[in-house]
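Colleague: I would like the atomic coordinates for the input below:
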Amino acid sequence: MVVRISTGKSVYGLIRYNESKRRESSAKLISHHGFSRGAENLSTQQLTQRFQSLTSLNRRTKTNAVHISLNFAPGENLKDEVLEEISRKYLNKIGFGNQPCLVYQHFDAGHPHLHLVTVNIDREGKRIETHNLGMNQSEKARKEIEQEFALVPAEKQKRIGPSIQELGKLVYGQETTKSSIQTVLNHVWNNYTFSSLGEFNAILSGFGVCAYRGEKDSERYRKGGLVFHLLDKQGKRKGVPIKASSFYLKPTLKKLKFRFARDLEKKKELCPLVKDRVVEILGKSNSLKGFQDSLKKSGILLVLNYTDTGQIYGTSYVDHLHRVGIKGSDLGKEFGANDLSRRFGLVPLSSAKPLSKGEASKFGAKVNKDWVRQTFKDLEIDPIPDFSLALSDSPYQGPVRRDRKKRKKKKDHSSES
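Modeller: Residues are numbered from 1 along each chain as shown. Below is the predicted model:
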């Protein structure tokens, strides 16, 4: 059993996501703790009010929503009463046994799994500590439950938690645009690390979504606006753009910039882990396609940006193992556009002579674009080595204190002059 834990600021968003799955018949509410009978007939708002009765007792704790997924190995088709017992025992073991909780079973993946929604404020208004919950109490509880119910241990499972297959790749014309993009945004925001719009877009592209600022001479670009599009099968923006501010998450450019600053240090910590795997694969690759395919098997997507003449001008690496997007040059010069082009016999962007259409075709520009657009449905993701995931307080919590001090100092300096 693989356990995945995340925290956030909106229990309403978590309930709305799971309830939308219920309406689509891709999930069902198999259990609820701390609710009166008939909870399955309550609206999203009514379910949320039960949790808000606790979170209102502690206004200081903003990050109070807890989302847990219990993932079982393919073939472990457990009965509802067994799944309910497992979820109840798990919650007791991690210290959430007295908390109200909604337990949903989802059917949108190749493996059985549950989603547990609760809060970390108890009936006395005290905050239940979640720091290192995944590494300490959860790991102990997982192993005990695996043994008691004869489950496949996390160490022997091939993949972990919600994956690309589970969320799927959205395609324009086949999805309800806004709700589908909202699902992707929530998933990426809560589970991935990124420190630039390019890295954010590299991750989103794998799910068929694009964040777009507009042309550089457009009013939207000048005013710092941001919209989201679904992508068609060719990877092109389609449909009416949807403003970032219209989503519940409100991933505006201003909010994203704070997120970029916050994720920068975390990304630096993950870079060496990603680089080690990329270096090994690059050394064994004889072509760009082979490099991409080998990375993909390792759970890494290489996103290439092309000019109209077919030259590579940018690279990003999306590691779904550690859930991070990294600009190629941040891993090292050899992983950037120019060095990859030279290594694999393509004309680099720094070449003085631009490629003609014939030359672009010769160097496989059209084929390369097809590689970028290939779907993720056959992507296999290996488990994280320690099989535990750190809690992720993904929603932005404001600028760091030192930024405010810098602004104050600058203001004082200007007043003195």
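
Colleague: residues in contact with residue 202?
Modeller: By CB atoms under 8 Å, 6 or more residues apart in numbering, the contact set of residue 202 is 194, 301, 303, 316, 317, 318, 325. In short, each C-beta sits where N, CA and C put it, glycine included.

Colleague: could the residues you listed go into JSON lines alongside distance to residue 332, neighbour count and pLDDT?
Modeller: Output for those, formatted as JSON lines (distance: CB to CB, whole Å; neighbours: other CB atoms under 10 Å; pLDDT from 0 to 100):
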{"residue": "194", "distance to residue 332": "19", "neighbour count": "28", "pLDDT": "95"}
{"residue": "301", "distance to residue 332": "18", "neighbour count": "22", "pLDDT": "90"}
{"residue": "303", "distance to residue 332": "17", "neighbour count": "21", "pLDDT": "90"}
{"residue": "316", "distance to residue 332": "14", "neighbour count": "26", "pLDDT": "93"}
{"residue": "317", "distance to residue 332": "11", "neighbour count": "24", "pLDDT": "95"}
{"residue": "318", "distance to residue 332": "17", "neighbour count": "23", "pLDDT": "93"}
{"residue": "325", "distance to residue 332": "16", "neighbour count": "31", "pLDDT": "94"}
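
Colleague: what residues go with each domain of the protein?
Modeller: Domains of the chain are assigned by automatic domain parsing as 2-161, 167-260.

Colleague: so what's residue 242 bridging to?
Modeller: On the basis of DSSP bridges, residue 242 is bridged to residue 228.

Colleague: Which pair in the contacts of residue 202 has the greatest spatial separation?
Modeller: 194 and 301 (13.1 Å; CB to CB).

Colleague: ok so, going back, which of the contacts of residue 202 lies closest to residue 100?
Modeller: Taking those together and measuring to residue 100 by CB to CB, the closest member is residue 194, at 33.1 Å.

Colleague: Got the phi and psi for the closest one?
Modeller: phi -160, psi 150 (degrees, to the nearest 10).

Colleague: ok, now which ones touch it?
Modeller: Counted by CB under 8 Å, 6+ apart, residue 194 has contacts 200, 202, 203, 259, 260, 263, 267, 324, 325.

Colleague: 10 Å instead, please
Modeller: For residue 194, the contact set (CB atoms under 10 Å, 6 or more residues apart in numbering) comprises 188, 200-204, 256, 259-260, 263-264, 266-267, 316, 318, 323-327.

Colleague: what stretches of this structure score poorly on pLDDT?
Modeller: 108-110, 157-177, 347-417 (pLDDT under 70).

Colleague: Any quick PyMOL command for the buried ones out of the contacts of residue 194?
Modeller: With 16 or more other CB atoms under 10 Å as the criterion, this PyMOL line picks the buried residues out of the contacts of residue 194:
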select buried, resi 188+200+201+202+203+204+256+259+260+263+266+267+316+318+323+324+325+326+327
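
Colleague: Among the contacts of residue 194, which are located in strands?
Modeller: Residues from those lying in strands, with DSSP state E as the criterion: 316, 318, 324, 325, 326, 327.

Colleague: Could you check how far the second one is from residue 6?
Modeller: Right, residue 318. 19 Å (CB to CB, to the nearest Å).

Colleague: Make CSV from the domains of the chain and add distance to residue 310 to it.
Modeller: As requested, the domains of the chain are exported to CSV (distance: least, CB to CB, whole Å):
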stretch, distance to residue 310
domain 2-161, 35
domain 167-260, 15
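
Colleague: Residue 297 is nearest to which of those?
Modeller: domain 2-161 (12.3 Å).

Colleague: quick revisit: mutual contacts of residue 194 and residue 301, please.
Modeller: Between them, residue 194 and residue 301 share these contacting residues under CB under 10 Å, 6+ apart: 202, 203, 316, 318, 325.

Colleague: Skipping adjacent residues, who's closest to the first one in space?
Modeller: This means residue 202. Nearest non-adjacent residue to residue 202, counting by CB to CB, 6 or more residues apart in numbering: residue 316, 3.7 Å away.

Colleague: show me the contacts for the one you found.
Modeller: Here residue 316 is in contact with 194, 196, 198-203, 205, 301-305, 325-331, 335 (CB under 10 Å, 6+ apart).

Colleague: hmm, back to that, between the domains of the chain, which gets nearest to residue 281?
Modeller: Minimum separation from residue 281 across those (CB to CB) falls at domain 167-260, 17.6 Å.

Colleague: ok now the closest one, how far from the chain's centre?
Modeller: 13 Å (CA atoms, centre = their mean, to the nearest Å).

Colleague: For the chain, which segments are assigned as strands?
Modeller: 2-8, 27-33, 65-71, 101-106, 113-119, 209-212, 227-231, 237-243, 300-306, 312-319, 324-327.

Colleague: and of those, who's closest to residue 346?
Modeller: When the strands of the chain are compared by CB to CB, strand 312-319 sits nearest residue 346, at 6.7 Å.
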